[in-house]
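Participant: For reference, the sequence and a predicted model appear below.
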Amino acid sequence: MASFVDRVTIHAAGGDGGNGVASVHREKFKPLGGPDGGNGGNGGSVVLVVDPQVTTLLTYHHSPHQRADNGTQGMGDYRQGRAGEDIVLSVPDGTVVKSPTGELLADLTGEGERFVVAEGGRGGLGNAALASTKRRAPGFALLGEPGQERDVVLELKSVADVALVGFPSSGKSSLIAAMSQARPKIADYPFTTLVPNLGVVEAGDTRFTMADVPGLIPGASSGKGLGLEFLRHIERCAVIVHVLDTAAYDYDRDPLSDLRTIEEELGAYRGDLGEVEGYVPIMERPRVVVLNKVDVPDGRDLADIARPSLEELGWPVFEVSAVTHEGLKELSFGLAQLVERQRAEIPAAALSRPVLHPQAVGARVAVTVTRRQKNGGTVYQVRGDKPERWVRQTDFSNDEAVGYLADRLAAVGVEDELVRAGASAGDTVVIGGLDDGVIFDWEPSLTTGPELLGERGTDVRVERNDRPSRRERRERYHDSMDAKTVAREELWTEREAGVWTDPNEGGSDSSGSGSRR
């Protein structure tokens, strides 16, 4: 089973907002006391947070589907719905968030840095929040907004100061084990290292991290071997160390040709951090050449032969042995000097106060109307954050809610934009996407349909109280009882007068039914 995963795809979904509720306050001696429907709770969001204790994306390899809780519906008596809890996903330092198409969304570095992958939907307003001086008793509420759903790709790019690169079996794992407390797997066959290894090196007062990248071979930048999977881990490193094998058994290899091959692969690799501010291209970073395995007699001879040619490149050259620890102290202090120089050239970004730019009061809502063709007909498409959100939150089974939506759309100038675009009565209009938007036939109106819904802002249940009082109920009861008494007296009088008699008194009529004369 894999224990290190540095690339996963997450299917994130924010929670849906709870619906608002339409309710009327009921209390003894206060019949129909006005609207008291509460708002729905907001849906939870899916959030990525950098945690220094996390070193792999293995958790999300096994559980790629992440969904936050929904908000609950509002209730009467002004009770608000419960907000859904956010799902916090801990990711390693150096995680890059990209869209499925490769677009860079976020570069998470530094403990506690956050990124919202899928935002939860807003809760709908209850009729208490929708009440105003003109609409004192709304008979509707707004629906909760659906949560955002999005697929993102997480890639881990190790945050290290020094990266060790080289051919397989060049001694990179042995070198990081000798210079730090890291204990990677070491064996005498190629591609022993299948995952990057990190180690902390101390040289005097300087401490820096070192990454051991799996071996590179010709064509690694195009996907051969393991290079393409792990070249991303050197994108953040300040110093690149070429570990050259001076005891290689291949007759067609030598330190200088190995160096040129690795440089070609680094130059051909195209990362995706170029958009990040302060990013330094890989080919512009300082290099260090390490001739490893000089403890082998043939290795020391080959190092002596190759060193003059390597020094002509202008990079520091060190001869070391991971077995005998020869030259490791000089190498650690040399790397520490380069790391300190790079840190000084790229100072940490100064903390700045966040500047908020709230939207001006009364600012016009951004609405666009575009004439498009769909299924052989002309459609006028309305786009805008607020109009699309209003449509999603409207209960189209409630006429008053539809009228409220019409008022809001008219207030932000949707009808004016439709007129400018050339729309006329009866034309098809869609708000939102062409495939998933709300489609209707446009009927321009200045009053937005109050003749159909009645005067909004009033409610007969509140404006006109037809509930009888106790005295009126008592009077009605007595009147009813008096009417019953009179009816009984009339029936008794008719009986005494012989109105109800049997026409065949004592006769043979088997029906036994009487008749009225």
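Facilitator: Yes, it's here. Numbers count the residues shown, from 1 in each chain.

Participant: and the helix or strand harbouring residue 492, what does it pack onto?
Facilitator: Remark: residue 492 resides in helix 470-496, with elements defined by DSSP states H and E. In terms of contact count using 3 or more Cβ pairs under 8 Å, 6 or more residues apart in numbering; DSSP states H and E, helix 470-496 is assigned no packing partners among helices or strands. Glycine gets a C-beta too; all of them are placed from N, C-alpha and C.

Participant: and the end-to-end length of stretch 200-207?
Facilitator: Between the opening and closing residues of stretch 200-207 lies a distance of 7 Å (Cα to Cα, to the nearest Å).

Participant: picking up where we left off before, can you give the distance of the helix holding residue 492 from its chain's centre?
Facilitator: How far helix 470-496 lies from its chain's middle: 72 Å, per Cα atoms, centre = their mean, to the nearest Å.

Participant: can you check stretch 333-350 too?
Facilitator: 36 Å.

Participant: If we go by neighbour counts, what in that stretch is buried?
Facilitator: By neighbour count on 16 or more other Cβ atoms under 10 Å, the buried set for stretch 333-350 is 334, 335, 336, 338, 339, 340, 342.

Participant: Considering those, which is situated nearest to residue 81?
Facilitator: Distance from residue 81 was checked for each of the buried residues of stretch 333-350 by Cβ to Cβ. The minimum falls on residue 342, at 52.3 Å.

Participant: Just give the nearest non-adjacent residue to that closest one, would you?
Facilitator: residue 238 (4.0 Å; Cβ to Cβ, 6 or more residues apart in numbering).

Participant: Can you report how many residues lie near the one you found?
Facilitator: Look at residue 238: counted by other Cβ atoms under 10 Å, it has 21 neighbours.

Participant: give me every residue that touches it.
Facilitator: Counting by Cβ atoms under 8 Å, 6 or more residues apart in numbering, residue 238 touches 161, 162, 285, 286, 338, 339, 342, 343, 346.

Participant: now swap in residue 145 and tell me
Facilitator: Neighbours of residue 145 in contact, by Cβ under 8 Å, 6+ apart: 16, 17, 43, 121, 122, 123, 124, 389, 392, 393.

Participant: Swap in 6 Å and give it another go.
Facilitator: Neighbouring residues of residue 145 by Cβ atoms under 6 Å, 6 or more residues apart in numbering: 17, 121, 122, 392, 393.

Participant: What distance do you get for the residue nearest to residue 342 to residue 494?
Facilitator: Separation of residue 238 from residue 494 (Cβ to Cβ, to the nearest Å) stands at 116 Å.

Participant: returning to what we had before: pLDDT-wise, what's the bottom of the contacts of residue 238?
Facilitator: Least confident of the contacts of residue 238 in the model: residue 346, at 64.

Participant: hang on, the earlier thing: which two in the contacts of residue 238 are spaced the farthest apart?
Facilitator: Once Cβ to Cβ is applied, the contacts of residue 238 give 162 and 346 as the farthest pair, at 15.0 Å.

Participant: quick one: the helices in the stretch 151-300 of the chain?
Facilitator: Read by DSSP state H, counting those that start in this stretch, the stretch 151-300 of the chain holds these helices, from start to end of the chain: 172-179, 227-230, 255-268, 297-311.

Participant: in the last one, what's buried?
Facilitator: Same thing as helix 297-311. Of the residues in helix 297-311, those scored as buried under the neighbour-count criterion (16+ other Cβ under 10 Å) are 299, 300, 302, 303, 306, 307, 310.

Participant: wait, which of those residues is closest to residue 234?
Facilitator: Distances from these to residue 234 were compared by Cβ to Cβ; the smallest belongs to residue 310, at 20.2 Å.

Participant: what about the closest one, distance to residue 258?
Facilitator: In this view, residue 310 and residue 258 are 11 Å apart by Cβ to Cβ.

Participant: Could you report the pLDDT at the residue nearest the centre of the chain?
Facilitator: Most central residue of the chain, judged by C-alpha distance to the mean C-alpha position with Cα atoms, centre = their mean, is residue 118 at 1.2 Å. Reported pLDDT at residue 118 in the predicted model: 94.

Participant: Kindly report the same for residue 500.
Facilitator: Here, the pLDDT recorded for residue 500 equals 65.

Participant: shift numbering so it begins at 527
Facilitator: Yes, from this point I'll number from 527; that puts the last item at residue 1026.

Participant: bridging residues for residue 533?
Facilitator: When bridges are taken as DSSP bridges, the partners of residue 533 come out as residue 681.

Participant: how many neighbours does it have?
Facilitator: As a burial measure, residue 533 scores 14 neighbours (other Cβ under 10 Å).

Participant: How much space separates it from residue 694?
Facilitator: From residue 533 across to residue 694, the span is 21 Å (Cβ to Cβ).

Participant: what packs against the one helix or strand residue 863 maps to?
Facilitator: For residue 863, the element it lies in under DSSP H and E is helix 854-871. Helix 854-871 sits against strand 723-729, strand 732-738, with contacts defined as 3 or more Cβ pairs under 6 Å, 6 or more residues apart in numbering; DSSP states H and E.

Participant: Quick check: neighbours of the last one in the sheet, parallel or antiparallel?
Facilitator: What that stands for is strand 732-738. Its sheet considered, strand 732-738 pairs with strand 688-691 (parallel), strand 723-729 (antiparallel) by DSSP bridges.

Participant: Nearest to residue 950 among the contacts of residue 671?
Facilitator: Closest to residue 950 out of the contacts of residue 671 is residue 918 (27.1 Å), distances taken as Cβ to Cβ.

Participant: Count the neighbours of the closest one for me.
Facilitator: By other Cβ under 10 Å, 19 other residues sit near residue 918.

Participant: likewise residue 858?
Facilitator: When neighbours are counted by other Cβ under 10 Å, residue 858 registers 22.

Participant: Spit out the contact partners of it.
Facilitator: For residue 858, the contact set (Cβ under 6 Å, 6+ apart) comprises 727, 729.

Participant: And the closest residue to residue 606 other than its chain neighbours, how close does it get to residue 548?
Facilitator: Take residue 606 and drop its neighbours on the chain: the residue closest to it by Cβ to Cβ, 6+ apart is residue 564, 4.8 Å away. Using Cβ to Cβ, one gets 10 Å for the distance from residue 564 to residue 548.

Participant: same check, this time on residue 660
Facilitator: Counting by Cβ to Cβ, the gap between residue 660 and residue 548 amounts to 17 Å.

Participant: and if you look at residue 930?
Facilitator: Counting by Cβ to Cβ - residue 930 and residue 548 are separated by 12 Å.

Participant: I'd like the buried residues of stretch 859-876 laid out as TSV, including distance to residue 583.
Facilitator: Rendered in TSV, the data for the buried residues of stretch 859-876 read as follows (distance: Cβ to Cβ, whole Å):
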residue	distance to residue 583
860	34
861	28
862	31
864	30
865	27
866	31
868	27
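
Participant: that older thread, could you identify which of the helices and strands packed on helix 854-871 is most buried?
Facilitator: Each of the helices and strands packed on helix 854-871 was assessed for mean neighbour count using mean count of other Cβ atoms under 10 Å. The highest is strand 732-738, with a mean of 21.

Participant: low-scoring stretches of the stretch 877-1026 of the chain, by residue?
Facilitator: Residues of the stretch 877-1026 of the chain that meet the criterion pLDDT under 70 lie in 877-891, 971-993, 1026.

Participant: which residue ranges form the helices in it?
Facilitator: Listed in chain order (using DSSP H, counting those that start in this stretch), the helices of the stretch 877-1026 of the chain are 911-918, 925-937, 940-946, 976-979, 986-989, 996-1022.
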